[in-house]
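A.B. asks: got a predicted structure plus its sequence, pasted below:
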Amino acid sequence: MTNINMIIGLSNIIVGVVTIALCIPLLKDKIAMNRWYGIRFKKSFASTENWYKINRYGAQRMLLWSVIIVNIGILSFFVPINSKGILRLLISSAPVILLIPVIESWLFARKL
C-alpha cells in the first residue's frame, strides 16, 4: 500500500464517518428547526412537520451514501492507485457522491 492509498482511503473514511455522525441526530428527530444544522430548504421551514420529514429522509439518504464512501475508502487500501490514473481521480473524488442525497432530498422536499 502506498502513501497515496493511505491518504485517499483515510480521507474517504473520515468524510463518511463524520457525515454518518452528523446524520444520526437528524434521523432520530433530535434537531429542532434552526438556521445552522439540518437539511435546510425553503420547504423545510414551511412547518415543523416538514422539517422533521425532510431531515429524516435526507439523513437516511446521506447515511446510505456515506456508507458507500466508507467502503470506497476501505477498498482504496487494497486497490493499487497509480499517481496519474483515472482510478485515483475517481476514488479521491468519492465525497462528491454526497451531492446525490442532497438532490434526492431536494426532490423529496419539492413533493411535500
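C.D. replies: Structure's in. What do you need? Since the structure is predicted, the reported quantities are computational estimates derived from the model, not experimental observations. Numbering: from 1, shown residues only.

A.B. asks: regarding P25, what is its secondary structure?
C.D. replies: helix (DSSP: H, G, I helix; E, B strand; the rest coil).

A.B. asks: for the residue nearest to it when sequence neighbours are not counted, give its distance to I54.
C.D. replies: Once flanking residues are discounted, P25 sits nearest to I31: 5.2 Å by C-beta to C-beta, 6 or more residues apart in numbering. C-beta here means a position set from N, CA and C on the backbone, and glycine is covered the same way. From I31 over to I54 the distance is 12 Å, taken as C-beta to C-beta, to the nearest Å.

A.B. asks: and for I7?
C.D. replies: Applying C-beta to C-beta to I7 and I54 gives a distance of 35 Å.

A.B. asks: those two - which one has more neighbours?
C.D. replies: Using other C-beta atoms under 10 Å as the criterion, I7 and I54 rank with I54 on top: 24 against 13.

A.B. asks: for the host helix or strand of I20, packing partners?
C.D. replies: Here I20, judged by DSSP states H and E, is contained in helix 3-27. When contacts are defined as 3 or more C-beta pairs under 8 Å, 6 or more residues apart in numbering; DSSP states H and E, helix 3-27 sits against helix 48-75, helix 86-92.

A.B. asks: could I get the buried residue list for that helix?
C.D. replies: Neighbour counts over helix 3-27 (16 or more other C-beta atoms under 10 Å) mark 4-5, 8-9, 11-13, 15-16, 19-20, 22-23, 26-27 as buried.

A.B. asks: shaky segments in the chain?
C.D. replies: 1, 83-84 (pLDDT under 70).

A.B. asks: D29 touches Y52, doesn't it?
C.D. replies: Yes: the pair D29 / Y52 is scored as a contact, 5.1 Å apart, by C-beta atoms under 8 Å.
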